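what follows is a predicted protein model with its sequence.
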Amino acid sequence: MPNSIAVIETPVAQVPAPTQSSGSQSAQLWMAVSGVLLVALAGLAIFTKLTIKKLEKARRFEEFKNRELKKKLQLSLQTITKMERNPDLIHSREFNLDYLRLRMEDKQFHFSIMNQIKVKVKAQISVALRPGQASEGLVGVASTGRQVDEIFDINYDLHEMTDKKGVLF
């Protein structure tokens, strides 16, 4: 008896490897995109909160600064009003100079005073520069200018109901 080996092939049912369906791939893609969007939204929320906190701090600082400026303005107005109404100080030369120095910082006051000074000085200079030929009798020959020594008052409207102007200097 010879030994014979007979190979019998038995059909084995092979199961194909499970492939992922396109439905589960798109589900994983949506999950990944949703996760990224969630992280981005959380980052944006944190950034917005920090920005709002910084802006609130800046707003509070500006409000504080405005309150302090209002207090200074009210104190200045009260001081000026007291000084303007004190009869002992009104005729004091030192007070008038301090008051004038204080008021010259106000742009409107400064403009009106400087404009008035310019007009009056210009009028005096134009008189001084006119030739005096008629007084000397020389016709057609302009003589030198003449010296003008004149004092004039600078007035300022007191902004009261009494249509009264005050002489500053």
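Yep, that arrived.

can you pull the domain assignment for the protein?
If you go by automatic domain parsing, the domain ranges for the chain are 34-85, 96-132+146-169.

of those domains, which shows the lowest average pLDDT?
If you rank the domains of the chain by mean pLDDT, domain 96-132+146-169 sits at the bottom with a mean of 70.

tell me which stretches of the protein form strands.
Along the chain, counting by DSSP state E, strands occupy 155-157, 165-167.

contacts only, for K118.
If you count contacts by CB atoms under 8 Å, 6 or more residues apart in numbering, K118 has none. Yep, even glycine has a C-beta here, placed from its N, CA and C like the rest.

try W30
W30 touches nothing, counting by CB under 8 Å, 6+ apart.

mind putting the domains of the chain into JSON lines with distance to S4?
Listed next are the domains of the chain as JSON lines, based on distance: least, CB to CB, whole Å:
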{"stretch": "domain 34-85", "distance to S4": "65"}
{"stretch": "domain 96-132+146-169", "distance to S4": "125"}
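
from L69, how far out is A45?
To L69, A45 is 36 Å away according to CB to CB, to the nearest Å.

ditto for L129
48 Å.

same question for M104.
From M104 across to L69, the span is 21 Å (CB to CB).

now N115
N115 is 29 Å from L69, where distance means CB to CB.

equivalent analysis for P87, please.
Going from P87 to L69 by CB to CB gives 31 Å.

who has more neighbours, those two?
L69 (10 against 6; other CB atoms under 10 Å).

count of residues packed around T51?
Neighbour count for T51, taken as other CB under 10 Å: 10.

same check on F109?
When neighbours are counted by other CB under 10 Å, F109 registers 15.
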